[in-house]
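**Student:** Sequence plus predicted model, see below.
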Amino acid sequence: MEFLSYLINGISLGSVYAIIALGYTMVYGIAKMLNFAHGDVIMVGSYIVFIAVNQMGMPPLLAIIISMALCTLLGIVIERFAYKPLRNASSLAVLITAIGVSYLLQNLALLIWGADPKSFTSVVGLAPVQLAGGRLVISGETIVTIVVSAVIMAGLIFFVNNTKMGRAMLAVSEDKGAAQLMGINVNATIAMTFAIGSALAAVAGVLLCSAYPTLQPTTGAMPGIKAFTAAVFGGIGSIPGAFVGGILLGVIEIMSKAYISTQLADAIVFAVLIIVLLVRPTGLLGKKISEKV
């Protein structure tokens, strides 16, 4: 039962990583850039829910919707003013800008909300489920996190493959120039990708803070890095790959903490990533892409 409990907790944590990784993988798959400010959008979304629920007395569902809307707007603003001017710049310039935006969001949060950790009240009202005569207890947060993660992945796959905007994203991902010649608005498509990723970041932040109820300006930093690791682990650019990578990463982290060492858990997670990339550089579900030169 103890092992099963750890496994379920690992899947729950991995589901949060998967939601964050989906944002990373969509932006990379379409815009071919790494948005390292993505983890800090998680933190902003969590603060918005915290203020809406604790200080303004809003219902949790309304607070989450507002958080998703504001994070969507934040993602569009970041893309418009930080990344769009660098559309034809080198990857290094974009990467440095992304790191700069990340630190900007962290320090703005520090100025606005202060450095003191906030106690985040869970927005999940589902009662725990007891199995095996009470020997196995699954929290409501765990159940909701796993279900929401699976629904989001299925929804994204359907959206990308069966809607006009989704097919536009696939076209831009393949060839921006050819997509523009076919009448696709490349800038609007990339902005939509950032909007979706930022909305997902808000959801991930709420679920993360509901399960681990501490909120501070650096809350999204480490989960963001681990989610990026999960996206690379599963095959960055692949939606199912991001989901699988997130789940596996969460299970590895929890199992490492339970059976090896809490201090070495993060090192083990990143070591597993290195091993996977040495064996399969494109990730678990990534595809090799041949380029003519």
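**Tutor:** Right, received. Where do you want to start?
**Student:** which helix in the protein runs the most residues?
**Tutor:** Criterion DSSP state H: the longest helix present in the chain is helix 2-31.
**Student:** can you give me the strands in the protein?
**Tutor:** Here the chain has its strands, by DSSP state E, at 118-119, 129-131, 136-138, 214-215.
**Student:** List the contacts of the third one.
**Tutor:** Okay, so that is strand 136-138. By Cβ atoms under 8 Å, 6 or more residues apart in numbering, the surrounding residues in contact with strand 136-138 are 1, 4-5, 8, 128-131. C-beta here means a position set from N, CA and C on the backbone, and glycine is covered the same way.
**Student:** gap between stretch 225-237 and the chain center?
**Tutor:** Computed by Cα atoms, centre = their mean, to the nearest Å, the separation of stretch 225-237 from the middle of its chain amounts to 10 Å.
**Student:** One more: stretch 82-101?
**Tutor:** Chain-centre distance of stretch 82-101: 20 Å, with Cα atoms, centre = their mean.
**Student:** Between the two ends of it, how far is it?
**Tutor:** Stretch 82-101 has an end-to-end distance of 8 Å (criterion: Cα to Cα, to the nearest Å).
**Student:** Show the buried residues in the contacts of strand 136-138.
**Tutor:** Buried members of the contacts of strand 136-138, scored by 16 or more other Cβ atoms under 10 Å, are 5, 8.
**Student:** Lowest-confidence one in the contacts of strand 136-138?
**Tutor:** Taking the contacts of strand 136-138 together, the minimum pLDDT is found at M1 (73).
**Student:** which non-adjacent residue is nearest M182?
**Tutor:** Nearest residue to M182, sequence neighbours excluded (Cβ to Cβ, 6 or more residues apart in numbering): A171, at 6.8 Å.
**Student:** cool, and V16?
**Tutor:** L208 (4.9 Å).
**Student:** cool, and K84?
**Tutor:** N187 (6.7 Å).
**Student:** Just the residues contacting stretch 224-236, thanks.
**Tutor:** 14, 17-18, 20-21, 23-25, 28-29, 34, 36, 38-40, 42, 204, 240-246, 248-249, 253, 266, 269-270, 272-273, 276-277, 282-287.
**Student:** and it, which residues are buried?
**Tutor:** 224-236.
**Student:** Please state the mean pLDDT value computed over it.
**Tutor:** Per-region confidence: stretch 224-236 scores 87 on mean pLDDT.
**Student:** Can I get it in PDB, CA atoms only?
**Tutor:** Output of stretch 224-236 as PDB, limited to C-alpha atoms (Å, rounded to 0.1, in the frame of the first residue of the first chain):
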ATOM      1  CA  GLY A 224       9.100  25.300 -14.500                       C
ATOM      2  CA  ILE A 225      12.600  23.900 -14.900                       C
ATOM      3  CA  LYS A 226      11.300  20.400 -14.100                       C
ATOM      4  CA  ALA A 227       8.400  20.700 -16.600                       C
ATOM      5  CA  PHE A 228      10.900  21.800 -19.300                       C
ATOM      6  CA  THR A 229      12.900  18.700 -18.400                       C
ATOM      7  CA  ALA A 230       9.700  16.600 -18.700                       C
ATOM      8  CA  ALA A 231       9.000  18.200 -22.100                       C
ATOM      9  CA  VAL A 232      12.500  17.300 -23.300                       C
ATOM     10  CA  PHE A 233      12.300  13.800 -21.600                       C
ATOM     11  CA  GLY A 234       9.100  13.000 -23.500                       C
ATOM     12  CA  GLY A 235      10.100  14.700 -26.800                       C
ATOM     13  CA  ILE A 236       9.700  18.400 -26.900                       C
END
